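1. sequence unavailable; structure follows:
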Ligand SMILES: [Zn+2]
C-alpha cells in the first residue's frame, strides 16, 4: 500500500507539473480489470513486472542528510527520489527494494539553487573594445554555443533553474535544447530580447556605427518607442517563445551614453508592456537603478525590480503594497567595481559603477529591514557564469540572515518565476537538489562549492563518496 500512497502523492503533490513527466501508476488499471474477471477485491501483484510494462522508475534515497528545505522548517534526515520527483521525506525511512542509497553522513541537502537574473548568452570580456568587437562579430550561433557552455557551468555550480532576463532568441533555443536533453543546463525561464527605448540601456547598438548595427534594431530586437511599439515588441518576444518580459525602465552601468539613474521608458510605455504581458499570462521584470524609474515601474505593475539601486522607505512601502519583488544583483555591483578598478570597462561605465554600487548595497540593507520580498539574482554574464553562488555570500555580507538568503535563492525565486514544482524539498516537487559540505547557516560560503548536484532525479555532479 505504501507505494500506492507514494504515487498518489507524486501525482497530486504538485499543482502545476511542467517540464517533466510523473510516472503513472502502471499497475492500477490492470489490477482492477483482473480483479473484476476473477471476482476478487485485489490481487497483490504490484511488484511482478509484466511484458510491455514501462521500466520501473529509478529510486534513490538520500540518508542522514541535514535538510534545509527552502521553507525554514526543522531539519529532517531522509529523502526518497522516484524518477524525476521527490517522493517522500522523513526520519529513518525504509529503503525500497532495488533503491540506490546515498549516505550524506550529516552533510547539508538543499533545494537546487535558483538565480532569477542571468544572461547566459553574455560573458565578461577582457576590455571595452573587446566587448564591442564581440558584439559586432558574433552570430546567433556563436552566442548559443557560448551560452550552452555557460549553462553547464551554471548547473554544475548548483543552480538548477535560472531566469534569463535579456539576451536574444538564442535563449529560447537553449532553453528548449536543455528540455530535450541535448545539452546539460538549468531549467530556463527566458525573456529573449529586453524591451527598451532607442538609445537606452537595452539598445544593443549604442555607440556603434548605424551601418554596422542598423539591422538589429526595432521591436523584434526589443527597441521600441511609444506604447504601440512597446506592445509590438512584447508580442514579438512572446511570439518567439518568451516566458517573461524584461523591460529597461532606467539607464544602466555597462551601456554607453545613458545616465544610470535616469528614467527611460515613459509611464505609458511601461503600462503598455505590463498590459500586453499580463494578457498573455507573462510577468514583467524591470531593470531599474534610479528611484524615479523604480517608482514608475512599480506604479505600472511590474512584478520585479532588478537591481533596485536607489531605494527609500516610501518606495519600499509602495513595493510591499503592490507585491513587487526586489532582485538585488549585489554580485553585479561588486563585479563592475572590480572592472572599474582594473580598467576593463569604459571610463564612462567605470564612473557609473563607482557611483551606483555602494548605493545598491545600502538600498539592499534598507530593503531587508523593510520586509519587502527579495529573490536572489546575480546578473551572471556581467561576471563569470558558475560563480552565481557568490550572490548568497553578498546578501549575507550586506545584512541578510543565511536562512533568508537561502530562501531568496530557492522558494522565493521559484515563486517569482511561477515554478511551483521547484525551489523546495517536498513530496511531489521535481528532484532538484544540492549537497554542500559545511553548514551554510554557519558558513554561507560553502554554497560556492556544491559537491553533489541533481536535476530532475539525474546526477550532474557526483562526489566519490556517493559512488
Ligand atoms: Zn542583467
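-> Great, that's in hand. Because the structure is a prediction, the values reported are computed rather than measured.
2. can you report phi and psi for the residue most central in space within the chain?
-> The structure's the chain has its C-alpha centroid closest to residue 162; by C-alpha atoms, centre = their mean the separation is 2.4 Å. The phi/psi pair for residue 162 (degrees, to the nearest 10) reads phi -140, psi 160.
3. again, but for residue 56
-> According to degrees, to the nearest 10, residue 56 has phi -60, psi 140.
4. one step back: what residues are up against the residue nearest to the centre of the chain?
-> For residue 162, the contacting residues are 114-116, 118, 120, 154, 186-189, by C-beta atoms under 8 Å, 6 or more residues apart in numbering. Where you see a C-beta, it was placed from the backbone N, CA and C, and this is true even at glycine.
5. if you set the cut-off to 7 Å instead, what comes out?
-> Contacts here follow C-beta atoms under 7 Å, 6 or more residues apart in numbering; on that basis residue 162 touches 115, 118, 154, 186, 188.
6. for residue 110, same thing?
-> 68, 406, 410, 434, 436.
7. so who does residue 235 touch?
-> residue 276.
8. try it again with 8 Å
-> 276, 280.
9. buried residues of the strand or helix carrying it, list them for me.
-> Using DSSP states H and E, residue 235 sits within helix 227-239. Buried residues in helix 227-239, counted by 16 or more other C-beta atoms under 10 Å: 227, 229-238.
10. check stretch 395-407 too.
-> For stretch 395-407, by 16+ other C-beta under 10 Å, it's 395-396, 398-400, 402-407.
11. got a list of what the closest residue to residue 232 other than its chain neighbours touches?
-> In space, and not counting its chain neighbours, residue 232 is closest to residue 219: 4.3 Å by C-beta to C-beta, 6 or more residues apart in numbering. Residues near residue 219 by C-beta under 8 Å, 6+ apart: 195, 229-230, 232-233, 236.
12. doesn't residue 155 lie inside a helix?
-> Yes: the assignment for residue 155 by DSSP: H, G, I helix; E, B strand; the rest coil puts it in a helix.
13. what is the neighbour count of it?
-> Residue 155 has 26 neighbouring residues, counting by other C-beta atoms under 10 Å.
14. adding distance to residue 210, write the buried residues of stretch 395-407 out as JSON lines.
-> Below are the buried residues of stretch 395-407 laid out as JSON lines (distance: C-beta to C-beta, whole Å):
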{"residue": "395", "distance to residue 210": "41"}
{"residue": "396", "distance to residue 210": "46"}
{"residue": "398", "distance to residue 210": "41"}
{"residue": "399", "distance to residue 210": "45"}
{"residue": "400", "distance to residue 210": "45"}
{"residue": "402", "distance to residue 210": "50"}
{"residue": "403", "distance to residue 210": "51"}
{"residue": "404", "distance to residue 210": "47"}
{"residue": "405", "distance to residue 210": "45"}
{"residue": "406", "distance to residue 210": "47"}
{"residue": "407", "distance to residue 210": "47"}
